[in-house]
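In: Give me a 3D structure for the following:
(one chain, ligands or ions: 1)
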Amino acid sequence: MKTALVTGAARGIGLATTRLFLEEGWRVVMVDRDAPALAEAASTVKAQPICADVSIPEDVARIVAEAGLEGGLHALVNNAGVADFGPIEATGFDRWRTVMETNLDGVFLMTQALIPALRAAKGAIVNIASISGLRASTLRVAYGTSKAAVIQLTRQQAVELGEYGVRANCVCPGPVRTKLAMAVHTQDIIDAYHDAIPLNRYGSEREIAEAIGFLCSDRASYITGQVLAVDGGFEATGVGLP
Ligand code: NAD
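Out: A predicted model of the protein is given here:
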């Protein structure tokens, strides 16, 4: 049986990804730092929950120890993320660091710690960035910069780990109505996205999970180092982020 480890799995895109892997017969380890949300999510699916913060090295070491990866890790989905909206002058250093710790440091730490398990299974990494990592905007200095760095980190992973048969790709979701997005998307932003996106709507968690599942599967065995926007065509328009 193949094993997937999904971070930020207590809700949103991570929980939808967990469900998709389970439907396809994988064993899944769900990692999240929100203990009540993780317990609630784990009560609805047959997966192994580990409550941990991906930005804390000691927690990452505990994840590796508890995840039961003796048979190797076939898929690592670095999905845990936090959002923050603000321009440079209004973004205090604390807010900048908070975003970088989870969105960038977390991806680095988790990948570094899990390379032996990924090598053992010739596994696949999928990092979740964002269309905010592809376009600059006046509102997203910390979030957008963290996601642009995740895109580059993905390319680094693909180049470094290819010789071990480990693939690494990046998914850039467009807007999805999760807790993370709806905390920062005002009605003006929602309306502007509907107008700008060729499919004229937000995506669903499941639509993002489908792309993640494909990139982790053997059907994507020759795809590595790629950045896939799953955004209803937004990136193709060349229009700026609302
Ligand atoms: P969400 O808030 O519903 O879920 C994120 C989960 O990550 C939460 O359960 C949270 O507890 C967990 N988490 C956050 N920091 C963590 C940490 N340091 N350690 C462990 N767990 C942590 O959000 P979502 O929308 O499902 O976001 C998932 C990913 O998709 C994020 O990386 C986000 O940036 C990205 N994304 C989302 C959208 C969108 O519109 N929703 C668009 C583009 C990219």
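
In: Correct me if wrong: Leu104 contacts Tyr143.
Out: No. Using Cβ atoms under 8 Å, Leu104 makes no contact with Tyr143, being 10.7 Å away. (Glycine included, C-beta is placed from N, CA and C.)

In: Near the ligand, which residues of this protein? Just list them.
Out: Applying Cβ under 6 Å from any ligand atom, we find that the chain lies next to the ligand at 7-8, 10-14, 32-34, 37, 53-55, 79-82, 102, 106, 128, 130, 173, 175-176, 178-181.

In: show me the contacts for the residue nearest to the spatial centre of the chain.
Out: In the chain, the centroid-proximal residue (Cα atoms, centre = their mean) is Asn79; its distance is 2.3 Å. Residues near Asn79 by Cβ atoms under 8 Å, 6 or more residues apart in numbering: 6-9, 13-14, 17, 128, 212.

In: With respect to the ligand, which of the residues you listed is nearest?
Out: If you rank the contacts of Asn79 by distance to the ligand using Cβ to the nearest ligand atom, Gly8 comes first, at 2.8 Å.

In: what about the residue lying closest to the closest one once chain neighbours are set aside, how many neighbours?
Out: Counting by Cβ to Cβ, 6 or more residues apart in numbering, Ala80 is the residue found nearest to Gly8 once chain neighbours are left out, at 3.3 Å. Taking other Cβ atoms under 10 Å as the criterion, the count of residues near Ala80 is 25.

In: hang on, the earlier thing: tell me which of Leu104 and Tyr143 has more neighbours.
Out: Tyr143 (27 against 21).

In: where's Gly238 relative to the ligand, distance?
Out: For Gly238, the distance to the ligand (Cβ to the nearest ligand atom, to the nearest Å) stands at 18 Å.

In: same check, this time on Ala4
Out: 15 Å.

In: Could you tell me how many residues sit around that residue?
Out: By other Cβ under 10 Å, 28 other residues sit near Ala4.

In: now Gly106
Out: Applying other Cβ under 10 Å, we find 28 residues neighbouring Gly106.
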